[in-house]
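Colleague: what follows is a predicted protein model with its sequence.
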Amino acid sequence: MNLPEAFVKRIKERELACDDVNAFLVSFDEPPVKAFHLNTAVISKESFEACAYGRESLFFEEIEASDCAYYHKAEHIGHHPFFHAGILYSEDPSAFAVLSGLEIREGERILDLCAAPGGKTSVLARNADKCGASILANETDRGRYKILISNMERMGYHSVSVSNLMPADLALMYPSYFDTVVVDAPCSGEGMFRKYKDSVNEWSPENVSFCSMRQKEILESACKCLKPGGRLIYSTCTYATEEDEDIVRFLTDTQKMTPMDPPGFIKKYASEEKVNGISTFKLFPHRFKGEGQFAAYLKKDGECFTDKLIHHPAAEDKSLKPLSTGQLKTLTEALGTLPDEIKGRLFFKGNNIYYLPERYIFPSKGAASDPGFLMGGMIKGRFMPSHYFFKICGRYLKTYLELSPDGPELKAYLHGEELKEGGALKAVTDGGAFGVIKVLGVPVGGFKYAGGRIKNHYPKGLRNNKL
Ligand code: SAM
């Protein structure tokens with residue numbers, strides 16, 4: 001790879017990779033690493049491995065001591081049915097390492113401040129979904145915000161709400177609110193040189209300085225959002241000291257910060273350095289099979305105080321109404337009987353029905369987002385479920401069709417085709433008119449059942465003809 005001269009000079013001068021500068025520089029000529037993590041909120045490691053190992057469509061190998069991350073060899077994992085089902089999230093293992101093994105408690109509120117496309121949110125959400133924590137995933141860039149929403153929908157996470165706000169606005173809306181704040185900061189991207197060739201062309205010492213300044217600004221807001229005693233996890237995908245260790249010095253100089261115990265996975269593979277008593281880690285591609293990454297783990301001084309009352313959207317937004325008996329009847333005809341804990345959390349606004357989980361962070365001001373998960377709309381007295389509905393509530397539907405990951409039927413469904421019952425293909429129809437297609441027991445998308453016809457409700461924008 002043609003590395004910028006000034007970059008190589010900086011690396012050599014700082015002897016960044018300790019005694020291995022040459023091995024480090026040679027690693028830039030290796031291809032980027034391909035990996036994914038498993039969505040353990042929807043499938044256990046045992047079930048996934050039992051069903052998926054040995055399938056020709058996906059060769060994979062678990063990363064030692066990781067919490068369900070795997071190297072793989074698929075050329076285009078984004079076309080794989082497991083990807084469509086939200087069973088896996090394609091992510092560089094070094095990026096995964098930052099949050100893997102981080103303990104999350106019930107009721108915890110987490111802010112992922114720079115979240116798109118959603119890799120780190122996904123590592124958090126697979127546990128938050130299970131333990132009853134809630135995540136606000138924020139992205140400033142409008143286009144990337146939409147990608148983030150789409151990824152969270154694909155994964156079917158119900159603990160994540162998404163906002164499109166500047167960090168300074170969030171600091172005004174949520175002072176001392178979050179138990180954990182993750183800042184995976186925009187950076188000069190030196191660790192991504194193998195993956196994104198553009199990051200090589202865009203690199204310059206001036207850009208390193210600009211990124212460093214922007215990181216300080218973002219962190220000032222991040223610290224305001226953090227409760228006393230709360231955890232701050234700062235990461236970048238660059239090796240530049242100005243954006244890594246110097247930023248940790250800035251934090252300890254300007255804020256009351258104390259050390260936090262880092263999670264185990266990164267400790268196993270990364271080079272550790274203490275900066276003003278804070279544990280910081282760098283992952284180098286010649287030492288760990290992954291791209292470049294930096295992470296630091298800090299705690300805001302003080303004790304976590306008792307939770308403030310959570311302002312639930314239904315309490316704040318008076319136009320959100322509980323469903324009437326008539327609406328519930330229409331819903332039951334369409335979907336069959338839903339569990340009470342879901343029904344009690346459905347609200348009506350305009351023509352739409354929203355699902356508001358008990359713990360849900362609602363970015364009420366300035367965000368163009370819905371007041372909860374859009375479950376569908378009432379059209380001419382009938383309920384039309386959304387794709388999000390099938391992803392989040394699909395597991396409760398008693399009308400469903402389980403398809404083989406390798407079979408032609410699943411491919412046809414993901415193409416957008418209608419399926420017809422016949423031979424071994426038979427839907428279970430113990431629920432309402434709408435059902436869900438599943439693979440390995442995990443909801444992929446919806447269908448409407450009409451006398452042996454499986455009418456396709458997989459959204460047009462997600463259909464895949466390359467399978
Ligand atoms: N955490 C993401 C993941 O794991 O998939 C990757 C985040 S990426 C390294 C940094 C993100 O910060 C980008 O999506 C970028 O649009 C966003 N960003 C850019 N400027 C920002 C700012 N001033 N404040 C907050 N985020 C910003």
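Modeller: Yep, that arrived.
Colleague: pLDDT (mean, whole number) over the strand ranked longest in the chain?
Modeller: Residue-count comparison of every strand in the chain, with assignments taken from DSSP state E, identifies strand 226-236 as the longest. pLDDT averaged over strand 226-236 equals 96, rounded to a whole number.
Colleague: give me the helices and strands touching that strand, please.
Modeller: Here strand 226-236 touches strand 178-184, helix 205-225, helix 245-254, strand 293-300, going by 3 or more C-beta pairs under 8 Å, 6 or more residues apart in numbering; DSSP states H and E. Every residue, glycine included, has its C-beta placed from N, CA and C.
Colleague: pull the last one out as PDB, backbone CA atoms only.
Modeller: This file holds the C-alpha atoms of strand 293-300, laid out as PDB (Å, rounded to 0.1, in the frame of the first residue of the first chain):
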ATOM      1  CA  GLN A 293      -8.300   0.500  17.200                       C
ATOM      2  CA  PHE A 294      -7.700   2.600  20.300                       C
ATOM      3  CA  ALA A 295      -9.900   2.500  23.500                       C
ATOM      4  CA  ALA A 296      -9.800   4.100  26.900                       C
ATOM      5  CA  TYR A 297     -12.000   3.400  29.900                       C
ATOM      6  CA  LEU A 298     -12.900   6.100  32.400                       C
ATOM      7  CA  LYS A 299     -15.300   6.800  35.200                       C
ATOM      8  CA  LYS A 300     -16.700  10.200  36.100                       C
END
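Colleague: the helix or strand in which Lys130 is found vs the ligand: in contact?
Modeller: Assigned by DSSP states H and E, Lys130 belongs to helix 119-131. Yes: Helix 119-131 comes into contact with the ligand when judged by C-beta under 6 Å from any ligand atom, the residues involved being 119-120.
Colleague: ok, stretch 173-180 near the ligand or not?
Modeller: No: for stretch 173-180, no contact with the ligand is found by C-beta under 6 Å from any ligand atom; the gap never falls below 13.9 Å.
Colleague: spell out which parts of this structure neighbour the ligand.
Modeller: 95, 113-120, 139-141, 144, 167, 184, 186, 214, 218.
Colleague: what's the pLDDT at His311?
Modeller: In the prediction, the pLDDT value recorded for His311 is 53.
Colleague: can you list the weak-confidence ranges in the stretch 101-250 of the chain?
Modeller: Along the stretch 101-250 of the chain, no part satisfies pLDDT under 70.
Colleague: check the stretch 201-350 of the chain for the residue nearest the ligand and tell me.
Modeller: Nearest residue of the stretch 201-350 of the chain to the ligand, counting by C-beta to the nearest ligand atom: Ile218, 4.7 Å away.
Colleague: ok, that residue touching Cys187?
Modeller: No: counting by C-beta atoms under 8 Å, Ile218 stays clear of Cys187, with 10.7 Å between them.
Colleague: tell me which of these two has more neighbours.
Modeller: Neighbours per residue, other C-beta atoms under 10 Å: of Ile218 and Cys187, the larger number sits with Cys187, 27 against 20.
Colleague: surely that one is in contact with Glu242?
Modeller: No: in this structure Cys187 lies outside contact range of Glu242 using C-beta under 8 Å: 10.0 Å.
Colleague: quickly list what's touching both of those two.
Modeller: In terms of C-beta atoms under 8 Å, 6 or more residues apart in numbering, Cys187 and Glu242 are both contacted by the residues Cys211.
Colleague: per-residue confidence for Arg359?
Modeller: With respect to pLDDT, Arg359 scores 80.
Colleague: list the buried residues of the helix holding Lys130.
Modeller: Burial within helix 119-131, assessed by neighbour count using 16 or more other C-beta atoms under 10 Å, is assigned to 119-129.
Colleague: also stretch 380-394?
Modeller: Taking 16+ other C-beta under 10 Å as the neighbour-count basis, stretch 380-394 is seen to contain the buried residues 383-394.
Colleague: can you check stretch 37-49 too?
Modeller: Within stretch 37-49, the residues that qualify as buried by neighbour count (16+ other C-beta under 10 Å) are 37-43, 48-49.
Colleague: likewise stretch 94-112?
Modeller: By neighbour count with 16+ other C-beta under 10 Å, stretch 94-112 contains the buried residues 94-102, 104, 108-112.
Colleague: out of those, who's nearest the ligand?
Modeller: Among these, Ala95 lies closest to the ligand (C-beta to the nearest ligand atom), at 5.6 Å.
Colleague: after the helix or strand harbouring Val436 comes which helix or strand?
Modeller: Val436 is part of strand 434-439, with elements assigned from DSSP H and E. Beyond strand 434-439 on the C-terminal side, the first helix or strand identified by DSSP H and E is strand 442-450.
Colleague: avg pLDDT for that following strand?
Modeller: Here strand 442-450 scores 97 as its mean pLDDT.
Colleague: mind giving me the packing neighbours of it?
Modeller: Helices and strands touching strand 442-450, by 3+ C-beta pairs under 8 Å, 6+ apart, are helix 81-84, helix 387-393, helix 408-415, strand 434-439, strand 453-456.
Colleague: show me where the stretch 1-150 of the chain has helices.
Modeller: 5-14, 21-26, 45-52, 81-84, 93-97, 119-131, 142-155 (DSSP state H, counting those that start in this stretch).
Colleague: as JSON lines, the ones you listed with distance to Arg287 would be great.
Modeller: Written out in JSON lines, the entries for these read as follows (distance: least, C-beta to C-beta, whole Å):
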{"stretch": "helix 5-14", "distance to Arg287": "15"}
{"stretch": "helix 21-26", "distance to Arg287": "9"}
{"stretch": "helix 45-52", "distance to Arg287": "26"}
{"stretch": "helix 81-84", "distance to Arg287": "29"}
{"stretch": "helix 93-97", "distance to Arg287": "10"}
{"stretch": "helix 119-131", "distance to Arg287": "21"}
{"stretch": "helix 142-155", "distance to Arg287": "29"}
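Colleague: nearest to Gly292, out of the ones you listed?
Modeller: Across these, Gly292 has its closest neighbour in helix 93-97 (6.7 Å, C-beta to C-beta).
Colleague: what's the average pLDDT for the closest one?
Modeller: Helix 93-97 shows a mean pLDDT of 98.
Colleague: hmm, who's touching that helix?
Modeller: Here helix 93-97 makes contact (C-beta under 8 Å, 6+ apart) with 33, 35, 37, 63, 66, 69, 71, 119-120, 123, 184, 191, 235, 237, 265-266, 269-270, 283, 288-293, 295.
Colleague: could you flag which of these are buried?
Modeller: A residue is treated as buried here by neighbour count (16+ other C-beta under 10 Å); on that basis the buried members of these are 33, 35, 37, 63, 66, 69, 71, 119-120, 123, 184, 191, 235, 237, 265-266, 269-270, 283, 288, 290-293, 295.
Colleague: got the contact list for the most centrally placed residue in the chain?
Modeller: Ranked by distance to the mean C-alpha position of the chain (C-alpha atoms, centre = their mean), the top residue is Ser122 at 2.7 Å. When the contact criterion is C-beta under 8 Å, 6+ apart, the partners of Ser122 are 37, 39, 89, 91, 151-152, 155, 157.
Colleague: can I get the residues you listed in CSV including distance to Ile278?
Modeller: CSV is the format used below for the contacts of Ser122 (distance: C-beta to C-beta, whole Å):
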residue, distance to Ile278
His37, 26
Asn39, 31
Tyr89, 29
Glu91, 25
Asn151, 31
Met152, 31
Met155, 31
Tyr157, 30
